[in-house]
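J.: Could you look at this predicted model? Sequence included:
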Amino acid sequence: MLKTRFTKLVSVVVSSLMVAGLVAGCGGSGGQQADVIKLGANLEMTGNNATFGQSATNGAKLAIKQINAKGGVLGKQLTLVVADNKSEAAEAANAMQKLVTQDKVVAVIAPIASSSVIAAAQVNADNKVLAISPTASNPKVTVDPNTGKVRDFNFRAAFIDPFQGSVMATFSQKSLKAKTAALYIDNTSDYAKGLGQFFKETFEKNGGIIVANEAYLAKDTDFKATLTKIKSQNPDVVFVPGYYQEVGMIIKQARELGITVPFLGGDGWDSAKLPEIGSAQALNNTFFSNHYSPDDNSAAVKDFVESYKQEYNQTPDAFAALSYDATMMVIDAMKRANSADPVKIKDELAKTKEYQAVSGLISFNASHDPVKSAVIIEMKDGKQTFREKVNP
């Protein structure tokens, strides 16, 4: 009889401890614990895009540090759980799985690369956790091309590729007074072809004439034959929406051939290596679209640059700025929702209108893409300088 009573007592105690353990383990909704709310970062910490991912991580960490210093959110402190996707799409899906199922984060700063965001999209959607990429610009990031439907749990802080093409066409005509243009496109890049297509459409819609439409291939090194053809058409501007590796060589060889007109491009130009490849002098009178400039004189940019320099002793690039914006918008949505429930945060994020971010005033459209201004960067003696903003 005594043994039976003892057994029952042990059973009750064990059951009570198990329940207590489950409650402690759950820690409330999503990534909440007793005094912490967890945000995730699925970023390229190693691999080909490691410098981009590291900048983005710095931006997110700075945002969280600033919010925590002001008391946090919902009476709790925020913490960032970083998962390295190794700059690979397959690893991005694995990293997302870990963050949303094991770490129980309430939202994720998604990968830099569009392909990695797309590869992980089903994972965060199935687990009903939003993912917002700082920089992924492919339209497929937020809209499923197979169904044409918006990906309910995917957002981005960067404008999409077609917008850049339109922005540069408008800039060339309004600010540079161009009436004719030549296109020189990386034929292996959907990014470049997309920008070229929308530049052409906008330029012609506004009365401009495309006098040459030429192509090159990634990793080409000799562009002089095609540049000679372009020179013979005497365009007012040349649009080269490629990546900095080839762009630097193209512009250097163009100047050697005596082509002095402005060259234009997109955010694929954004690299400290561009002047090393193209030479500082050759890059004078060239312009490209970007998401942000540390030289912008807006109060939001000045405050961010000063804080970032104090924290990391370096000037923040666009990846840091956009990740900072993405993190701050998630936190703002959490505050408006008055909840750390992932679905409620997602719903509030979708309602974001005229949020004053570092990279401009942001409103999300129906496709979860930000409606925002672009920045025009001018290269002067090898340095990026702020030229102007172009509004959508």
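T.: Happy to help now that I have it.
J.: give me the low-pLDDT residue ranges for this structure?
T.: The chain contains residues with pLDDT under 70 at 1-34.
J.: need the contact list for the residue at minimal distance from the centre of it.
T.: Computing the C-alpha centroid of the chain and ranking residues by Cα atoms, centre = their mean puts Thr135 first, at 1.1 Å. Neighbouring residues of Thr135 by Cβ atoms under 8 Å, 6 or more residues apart in numbering: 52, 56, 112, 156-158, 291, 318-319, 322. No exception for glycine: its C-beta is placed from N, CA and C like everyone else's.
J.: Output the contacting helices and strands for whichever strand or helix holds Phe171.
T.: Secondary structure assignment for Phe171, by DSSP states H and E: helix 161-174. Using 3 or more Cβ pairs under 8 Å, 6 or more residues apart in numbering; DSSP states H and E, the elements in contact with helix 161-174 are helix 190-205, strand 237-239, strand 263-265, strand 286-290, strand 374-380, strand 383-390.
J.: Same list (those) but as a markdown table, adding mean neighbour count.
T.: Converted to a markdown table, the helices and strands packed on helix 161-174 look like this (neighbours: other Cβ atoms under 10 Å):
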| stretch | mean neighbour count |
| --- | --- |
| helix 190-205 | 20 |
| strand 237-239 | 27 |
| strand 263-265 | 27 |
| strand 286-290 | 24 |
| strand 374-380 | 22 |
| strand 383-390 | 17 |
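J.: can you list those in CSV and add distance to Thr79?
T.: Output for the helices and strands packed on helix 161-174, formatted as CSV (distance: least, Cβ to Cβ, whole Å):
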stretch, distance to Thr79
helix 190-205, 34
strand 237-239, 44
strand 263-265, 39
strand 286-290, 31
strand 374-380, 32
strand 383-390, 34
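J.: Quick check: which of those is nearest to Ile251?
T.: strand 263-265 (5.3 Å; Cβ to Cβ).
J.: The contacts of Thr135 in strands, which ones?
T.: Counting by DSSP state E, the part of these found in strands is Arg156.
J.: Just the buried ones from the contacts of Thr135?
T.: Burial by neighbour count, judged by 16 or more other Cβ atoms under 10 Å, picks out 52, 56, 112, 156-158, 291, 318-319, 322 from the contacts of Thr135.
J.: So of these, which two are at opposite extremes in space?
T.: Using Cβ to Cβ, the buried ones among the contacts of Thr135 reach their maximum pairwise distance at Phe52 and Arg156, which is 14.6 Å.
J.: Mind checking what secondary structure Gly40 has?
T.: Taking DSSP: H, G, I helix; E, B strand; the rest coil as the rule, one finds Gly40 in the strand state.
J.: hang on, isn't it packed against Ala107?
T.: Yes: shown here, Gly40 and Ala107 form a contact pair, counting by Cβ atoms under 8 Å, at 7.0 Å.
J.: Having no further points to raise, I will conclude here.
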